[in-house]
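K.L.:
Have a look at this fold, sequence not included:
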């Protein structure tokens, strides 16, 4: 589980950095660039929260199944 968490964290951080750098190098006005960064950050955050919730749900299900066999 710890390895999965590290992998997801690294993936999210890498995606965020890549998205921000891509937006910063795009030829847009400052206001538009900041809005794009904000929008992409929100999307990444929402996706990470959803994935974390799925992992928690999966972990709870595994814990429940384990207690059934114990």
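P.N.:
That came through, no problem. Predicted, not measured: the structure shown is a model, and the values here were computed from it.

K.L.:
For the helix ranked longest in the chain, which helices and strands make contact with it?
P.N.:
Criterion DSSP state H: the longest helix present in the chain is helix 30-69. Packing partners of helix 30-69 (3 or more C-beta pairs under 8 Å, 6 or more residues apart in numbering; DSSP states H and E): helix 2-24. Glycine gets a C-beta too; all of them are placed from N, C-alpha and C.

K.L.:
pLDDT score assigned to the spatially most central residue of the chain?
P.N.:
Of all residues in the chain, the one closest to the mean position by C-alpha atoms, centre = their mean is residue 48, 2.7 Å from it. Among the per-residue scores, residue 48 holds a pLDDT of 89.

K.L.:
where does the chain dip in pLDDT?
P.N.:
Where the chain drops to pLDDT under 70, the residues are 1, 60-70.

K.L.:
separation between the residue nearest to the centre of the chain and residue 42?
P.N.:
Here residue 48 is placed at a distance of 11 Å from residue 42 (C-beta to C-beta, to the nearest Å).

K.L.:
what do the two both touch?
P.N.:
Listed as contacting both residue 48 and residue 42 by C-beta atoms under 8 Å, 6 or more residues apart in numbering is no residue at all.
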